[in-house]
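J.: Model the following, please.
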Amino acid sequence: MAKITGLTRGGSEWTPEFVAFLDPKKCIGCGRCYKVCPREVLDLVERTEDMECDDDFDDDDNMMVMTVAHAEDCIGCGSCGRVCPKGCYTYAGAEA
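T.: Numbers count the residues shown, from 1 in each chain. Here you go, the predicted model:
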């Protein structure tokens, strides 16, 4: 099967890459990605033991972590990854 593609305003072909994974161990719960997502794909949830942060600061100060709550609503704009200071996001194209 072919990957989903679209056209830019200028007529160039564009292949969107959708959120495939968000690494909760890298996430610091800053909320930047949540604020820029135009489709409410993400949700801030309480950090669990299996999501312990890779950073050296105390987890008591950072009890929240971002998750992909509605992956089916992702439009592949990539805004979340561009604002993420920790590089938590992995993207993949989707089959048509």
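
J.: where along this structure do the helices fall?
T.: 32-36, 79-83 (DSSP state H).

J.: What residues of the last one count as buried?
T.: For helix 79-83, burial by neighbour count (16 or more other Cβ atoms under 10 Å) applies to 79, 80, 81, 83. All C-beta atoms are positioned from the backbone trio N, CA, C, and that covers glycine.

J.: shaky segments in the chain?
T.: 53-62 (pLDDT under 70).

J.: Residues touching stretch 37-55, excluding its own?
T.: Residues from elsewhere that reach stretch 37-55, judged by Cβ atoms under 8 Å, 6 or more residues apart in numbering: 19, 22, 24-29, 31, 33-34, 59, 62-71, 73-75, 77, 79-80.

J.: Repeat the analysis, applying 10 Å as the threshold.
T.: 18-19, 22-31, 33-36, 59, 61-75, 77, 79-80, 83, 86 (Cβ atoms under 10 Å, 6 or more residues apart in numbering).

J.: quick one: the strands in the chain?
T.: Taking DSSP state E, the strands of the chain run over residues 6-7, 13-14, 18-22, 42-46, 64-68, 89-92.

J.: Now mean neighbour count too, for those strands, in a markdown table please.
T.: Shown next, in a markdown table, are the strands of the chain (neighbours: other Cβ atoms under 10 Å):
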| stretch | mean neighbour count |
| --- | --- |
| strand 6-7 | 10 |
| strand 13-14 | 10 |
| strand 18-22 | 18 |
| strand 42-46 | 15 |
| strand 64-68 | 19 |
| strand 89-92 | 15 |
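
J.: Now render those as TSV, adding distance to residue 52.
T.: What follows is these, written out as TSV (distance: least, Cβ to Cβ, whole Å):
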stretch	distance to residue 52
strand 6-7	38
strand 13-14	37
strand 18-22	15
strand 42-46	13
strand 64-68	10
strand 89-92	19
